[in-house]
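A.B. asks: Just the structure for this:
(one chain, ligands or ions: 1)
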Amino acid sequence: MTHKITAAITAVHGYVPDYILTNQELEKMVDTSDQWITERTGIKERRILKGENKGTSFMAAEAVKGLLEKSGTNPLEIDAIICATVTPDMLFPCTANLVADMVGAKNAMSFDMLAACSGFIYALETGASYIQLGRYKKVVVIGADKMSSIVNYKDRTSCILFGDGAGAVLLEPNTEGLGVIDAILKSDGSGKDLLYIKAGGSACPITEENVNSPDRYFFQDGKAVFKYAVTRMADVAEEMMKRHHLVGEDIAYLVPHQANKRIIDATAERMGIGPEKVTMNIERYGNTTGATIPLCLWDYEKKFKKGDNLILAAFGGGFTWGAVYLKWAYNS
Ligand code: COA
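C.D. replies: Prediction:
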């Protein structure tokens, strides 16, 4: 049986900084406790990128260098680099442009994707579409964020959640019916008042008045966002399963965005799958926004088998949310 061209993940790699910010260290910074953080979120520690002038591109480039080395890919063969991030090094040039230069991908077009915590699955669907069109043969999709650059370390409700990291996958054409099978991506901009950074964009530039105000930092109405996240991530994962007549037993792994263990558990329960089929690293990395899903793919790569059904699911700022159904393409 011949299949149409699909886009398969043929390699995955990640990078997390060395510095570990533990719950115990956060106890000294804000009024919180290891017990509260662990029970309410599942997070024990997160990584923080230290070093002057080091931004998201540094972590993304490290992930891509590892990816190219491990897959034996010449950087000159890369056709496109898409970087999902909410923490670009600067407003422009975009982070993907910087990464292309840092890894020597001189023939690649490159651009950033801003869909907050859903950024990686938005970028994956975009990269896969280029491959399916037959126009590109090697596309690198990155999810990378230096959340420590936008977190308000005086706000105990949000600073405990986030960490820094980067993950990257290589997409290549496949004719065995493996790779990205389907994506359902959604958005609702009316969520803008619940999860945002107010200052620093064109509507509210940084001024002398707001330079030291909380407006510069990430803000979230956690309780309200939780309610949306928990229903919408589960809804879209269930919608994907119904669309492809899949039941829990057909799924090898759920690869969810790592925002809160309770949201992940609720999604898995709705899908009818047990905890052994859920990729989870939130306890070690916290929420790394664009990087959570590729970091999970990297962590679990050795467990995945060729032909495994994976459901990737995310919810984030915007609001944006969605699910990707893919068949894993290799044994490692
Ligand atoms: N340490 C101790 N207590 C804290 C705390 C902290 N770090 N942060 C908040 N609290 C307190 C609150 O002040 C509140 O106290 P009160 O009842 O006296 O007012 C209490 O704990 C409960 O706060 P609440 O906001 O209801 O907690 P929660 O159980 O909803 O957990 C989040 C908060 C942020 C962990 C949770 O709402 C969440 O995960 N939200 C969604 C995150 C998400 O998916 N984001 C989208 C992608 S970024």
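A.B. asks: What strands flank the strand or helix carrying residue 196, and is each parallel or antiparallel?
C.D. replies: Per DSSP states H and E: residue 196 is located in strand 195-197. Using DSSP bridges, the strands paired with strand 195-197 are strand 218-220 (antiparallel).
A.B. asks: so how far is the strand it pairs with off the chain centroid?
C.D. replies: 18 Å (Cα atoms, centre = their mean, to the nearest Å).
A.B. asks: What residues of that strand count as buried?
C.D. replies: For strand 218-220, a neighbour-count test (16 or more other Cβ atoms under 10 Å) marks 218-220 as buried. In this view, the C-beta of every residue, glycine as well, is placed from N, C-alpha and C.
A.B. asks: and those residues near the ligand, which?
C.D. replies: Contacts with the ligand within the buried residues of strand 218-220, counted by Cβ under 6 Å from any ligand atom: residue 220.
A.B. asks: measure residue 259 to the ligand for me?
C.D. replies: Residue 259 is 3 Å from the ligand, where distance means Cβ to the nearest ligand atom, to the nearest Å.
A.B. asks: Tell me how many other residues crowd that residue.
C.D. replies: 29 (other Cβ atoms under 10 Å).
A.B. asks: ok but residue 170 is inside a strand, no?
C.D. replies: Yes: Residue 170 sits within a strand when classified using DSSP: H, G, I helix; E, B strand; the rest coil.
A.B. asks: Helix, strand, or coil at the residue nearest to it when sequence neighbours are not counted?
C.D. replies: Sequence neighbours aside, residue 11 is the residue nearest to residue 170 in space, at 4.4 Å (criterion: Cβ to Cβ, 6 or more residues apart in numbering). Put simply, residue 11 is strand when judged by three-state DSSP.
A.B. asks: can you list the residues of this structure near the ligand?
C.D. replies: Counting by Cβ under 6 Å from any ligand atom, the chain sits next to the ligand at 32, 36, 40-41, 117, 156-157, 160, 220, 222-223, 225-226, 229, 259-260, 263, 287, 315-316.
A.B. asks: Can I get the buried residues of strand 218-220 in JSON lines including pLDDT?
C.D. replies: Below are the buried residues of strand 218-220 laid out as JSON lines (pLDDT from 0 to 100):
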{"residue": "218", "pLDDT": "94"}
{"residue": "219", "pLDDT": "95"}
{"residue": "220", "pLDDT": "96"}
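A.B. asks: Tell me the residue of this structure that sits nearest the ligand?
C.D. replies: Nearest residue of the chain to the ligand, counting by Cβ to the nearest ligand atom: residue 222, 2.8 Å away.
A.B. asks: tell me the contacts of that residue?
C.D. replies: Going by Cβ atoms under 8 Å, 6 or more residues apart in numbering, residue 222 touches 157-158.
A.B. asks: neighbours of the closest residue to residue 213 other than its chain neighbours, just the number please.
C.D. replies: For residue 213, ignoring the flanking residues on the chain, the nearest one in space by Cβ to Cβ, 6+ apart is residue 199 at 7.2 Å. Number of residues near residue 199 (other Cβ under 10 Å) recorded here: 18.
A.B. asks: dump the residue contacts of residue 106.
C.D. replies: Contacts of residue 106 were listed using Cβ under 8 Å, 6+ apart, and they are 75-76, 100.
A.B. asks: Tell me the pLDDT of the residue nearest to residue 75 when sequence neighbours are not counted.
C.D. replies: Nearest non-adjacent residue to residue 75, counting by Cβ to Cβ, 6+ apart: residue 104, 4.1 Å away. Note for residue 104: predicted pLDDT of 98.
A.B. asks: How many residues are close by residue 104?
C.D. replies: A count of nearby residues for residue 104, using other Cβ under 10 Å, gives 14.
A.B. asks: again with residue 4
C.D. replies: As a measure of burial, residue 4 has 9 neighbours, counting by other Cβ under 10 Å.
A.B. asks: Is it in a helix, a strand, or coil?
C.D. replies: Under three-state DSSP, the three-state class of residue 4 is coil.
A.B. asks: how much space between it and residue 82?
C.D. replies: 22 Å (Cβ to Cβ, to the nearest Å).
A.B. asks: just residue 172 next, same as before
C.D. replies: 15 Å.
A.B. asks: Check residue 301 too.
C.D. replies: Separation of residue 301 from residue 82 (Cβ to Cβ) stands at 20 Å.
A.B. asks: Who has more neighbours out of these two?
C.D. replies: Neighbour count, other Cβ under 10 Å: between residue 301 and residue 82, residue 82 has more, with 27 against 17.
A.B. asks: quick check, the more buried one in a strand?
C.D. replies: Yes: per three-state DSSP, residue 82 lies within a strand segment.
A.B. asks: which residues sit in contact with it?
C.D. replies: 96, 110-113, 123, 126-127, 139-142.
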